[in-house]
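> Got a sequence here, can you model it:
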Amino acid sequence: MTAALPSPAPLPPDDADGYLDLVFDIPVNQTFTYRKDPKAEAAPGKRVMAPFGKREVMGYVIGGRESPPEGIAPSNIKAVRRVVDKEPVFDEEDLALARWVSGYYLCGLGEALAAMIPSGRRASAFAAFPDDVEEMTGKALELSDEQRRALEALTAGKPADSSTADRFYLYGITGSGKTEVFLRAAEYLLKAGKSVIYLVPEISLTHQTAEAIGKRFGQAAATIHSGMTPGARLREWLRIRRGEARIVVGPRSAVFAPARNLGIIIIDEEQDGSYKSGNTPRYHARQVAMYRTAREKARLVMGSATPSAEAWKLIASKGIARLDLSRRLAGGSPPEVVPISLEHTEGCLTRELKEEIRKTAALGRQTILFLNRRGFSYFYHCRDCGYELTCRHCSVSLTYHKDRNRAVCHYCGYSVTPPRACPQCGSLEAGFTGFGTEMIEEETSRTFPDLRIARVDADSLSAKGSLQETLDRFRAGQIDLLLGTQMVAKGLNFPGVRLVGVVLADTGLHLPDFRAAERTFSLIVQVAGRAGRYFPDGKVIVQTLRPRDPAITRSCALDVGGFFTVELAQRKALGFPPYSRLIRFTVRSRDALRAEKAVNRLAFLARPLLPSGANMLGPSECPIGIIAENHRRQILLRGPAMGPLHGAARTILTRYEKGKDSRVYLEVDVDPVSLL
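So this is what the prediction gives:
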């Protein structure tokens, strides 16, 4: 017997006289007043098309009023042209969340609503989950003692060793059964009449998780992700609002799902950088989930084998209750991880890795090769004069794609035919070095002509559904060796995999970003988790040019605690998160002098406003100084607490807006995860 869901909270009623307050997807925190549309269908909670300047733009109706704003004549107020929605798509609860996003991430209210609400103009047909919720058709697995204790903590109340009763971290090695604990907790809360939001970092993982949830919960489940058509996303959004779907699965944007009577938000692979939006509003799903669960008195449970530095510090300080899963349940055990130096190796694969690939194939098992760099090779250099081939529009090297015979920029898409001789001095001692997934595919095909090989990266998966098709073939044993980028590193469960080869482990270590070591460590441990999940003979070979780097040695030892002991000590000494908070201002312009002038003005405004204990880094050129012909400059505000930084940032923005250069674009990033 399930409890009845409460009716969604209404927005303020629209006034009979027909004035409405609208916000738009623009970077201003301002409402605009319009008269109702001719049919008087516009109402709070609906989207409308309205004249804005010389254009007709979609707006969000957030309220109504009896009279026009003071000082504005009714004759000067334009009317809404037409109404997009038959029924409201957001209510007061959604609006409250949008106001928080707008305030915390320093963006317009309309920008926040636009990020939350699917852009579909109508609810189109979309294949729903086939089963009925009451049947709970998925077969639940027998729980281990550790899983049972974790589930009891998630469903029974405050754990004995923690001062918090509503935030949990399910910390477990890959294959230890985190997903089953998540699903059992969701089942418990659904039966109690609550709603569930289940976040995963990648769309490929959304499919896998949605499949498991669909089998378990049937029509009560809904999926929201960017791979769906806007109309299909809107259809699911409305199902959730009406209470027809009470468990929602998806990547970061699903954190905004209008689930009412929320019981729990689950964040799988919490450390993943894709939970942070790269566009305005630059929200982090983890932060939004913390706000929603606190406001709605729900529980938050995160899980990973490699927590983020922020989460690890919270766990250590008892800000999050830690629940441990320490053993693999399907008969496997943590793999043997062996670091191998790439020095003196010809080609991409060391002798040790080639031998293990042959051994794995002879056993009838499968191999995954991982390299987080697509293309064939990535650095063009002349040995005689030192010339480097870089993008015409960005300050980055071009990557050679052999199958297209083009040198391509992975930032703006610019491409050229690779030169046969050095463009600067004419020397023939010039060419591309380094290797990407294309080169790995060529070398493995040449070395192992009898193996069935497939590549998974953004270049090889142009057709819709091709990623899932390739992964399904690999799971079915129709592919012997799968090579790819981080698409193959996260969360995927392949029973036949014995061997994982990390072709070049240190690709990210040289990046000028304080999180470089953490990302490298996490990625190696995550990809190592694909090996030997059902058998005790899993093996991982980590090829590296920096075999003594702590991020490499600790990841090969699968030593999470040891890594964070060193990493957090360094962060504390240097004053970087999680021991400080950051707000990043980035300006960009096609004119380098305008960008320089704008960032200097920002710095001038910021200096006298810095709170006690805070400082400013910059102004400086961004590590990637030019992208798509836009020159990029930055300042960073750094302080011990976000509140005072927020206050300073708001004042800086208000003053900057007065007299700003319209040919300079400003980006604001609160709690940035990347400083490139």
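> Verify the contact between Asp85 and Lys46 for me.
Yes: contact criterion Cβ atoms under 8 Å: Asp85 and Lys46 qualify, at 4.4 Å. Heads up, the C-betas are built off the backbone N, CA and C, glycines and all.
> list residues touching both of the two?
Listed contacts common to Asp85 and Lys46 are nil; contacts here mean Cβ atoms under 8 Å, 6 or more residues apart in numbering.
> Okay, now the unreliable bits of this protein?
Applying pLDDT under 70 to the chain flags residues 1-17, 122-140, 157-165, 203-205, 330-332, 374-376, 459-465, 489-492, 532-534.
> Mind naming the longest strand for it?
Among all segments of the chain classified by DSSP state E, the strand with the greatest residue count is strand 615-627.
> Tell me the buried residues in that strand?
Met616, Gly618, Pro619, Glu621, Cys622, Gly625, Ile626, Ile627 (16 or more other Cβ atoms under 10 Å).
> now, which of those residues sits nearest Ala649?
Taking Cβ to Cβ as the measure, Ala649 sits nearest to Met616 out of these, at 11.3 Å.
> Once you drop chain neighbours, what's closest to the residue nearest the centre of the chain?
By Cα atoms, centre = their mean, the mean C-alpha position of the chain lies nearest to Ser274, the distance being 1.4 Å. Ranked by Cβ to Cβ, 6 or more residues apart in numbering and with sequence neighbours excluded, the top spatial neighbour of Ser274 is Pro201, at 4.7 Å.
> I am assuming the one you found contacts Arg286, so please confirm or correct that.
No: if you go by Cβ under 8 Å, Pro201 and Arg286 don't touch, sitting 10.9 Å apart.
> intersection of neighbour lists for the two?
Tyr275.
> So which other helices or strands are in contact with the helix or strand following the longest strand of the chain?
Sequence order places strand 630-639 as the next helix or strand after strand 615-627, per DSSP states H and E. Helices and strands touching strand 630-639, by 3 or more Cβ pairs under 8 Å, 6 or more residues apart in numbering; DSSP states H and E, are strand 581-589, helix 592-606, strand 615-627, helix 642-657.
> Out of those, which gets nearest to Arg373?
Ranking the helices and strands packed on strand 630-639 by proximity to Arg373 (Cβ to Cβ) places strand 615-627 first, at 15.9 Å.
> strand partners of that closest one, parallel vs antiparallel please.
Take DSSP bridges as the rule and strand 615-627 pairs in its sheet with strand 630-639 (antiparallel).
> Just want the angle from the partner strand to strand 581-589.
Interaxial angle, strand 630-639 versus strand 581-589 (axes from the mean of the first three to the mean of the last three Cα atoms, to 10 degrees): 160 degrees.
> relative to helix 642-657, how tilted is strand 630-639?
Inter-element angle recorded for strand 630-639 and helix 642-657: 140 degrees (by the same axes, to 10 degrees).
> picking that back up, looking at the helices and strands packed on strand 630-639, which is closest to Val196?
Among the helices and strands packed on strand 630-639, the nearest to Val196 by Cβ to Cβ is helix 642-657 (28.6 Å).
> Name every strand pairing with the helix or strand following that closest one and say which way it goes.
Counting by DSSP H and E, the next helix or strand C-terminal to helix 642-657 is strand 665-670. Applying DSSP bridges to the sheet, strand 665-670 is found paired with strand 581-589 (antiparallel).
> and the partner strand, C-alpha only, in CSV?
Extracted in CSV, the C-alpha atoms of strand 581-589 (Å, rounded to 0.1, in the frame of the first residue of the first chain):
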residue,chain,number,x,y,z
ARG,A,581,36.5,27.8,-1.9
LEU,A,582,37.0,29.2,-5.4
ILE,A,583,35.0,31.5,-7.7
ARG,A,584,36.5,31.9,-11.2
PHE,A,585,35.9,34.8,-13.5
THR,A,586,36.9,34.2,-17.1
VAL,A,587,36.7,36.8,-19.8
ARG,A,588,37.0,36.1,-23.5
SER,A,589,37.1,38.2,-26.6
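> residues in contact with that strand?
Contacts of strand 581-589 (Cβ under 8 Å, 6+ apart): 106, 576, 595, 598-599, 602, 606, 622, 627, 630-642, 645-646, 649, 652, 661, 663-672, 675.
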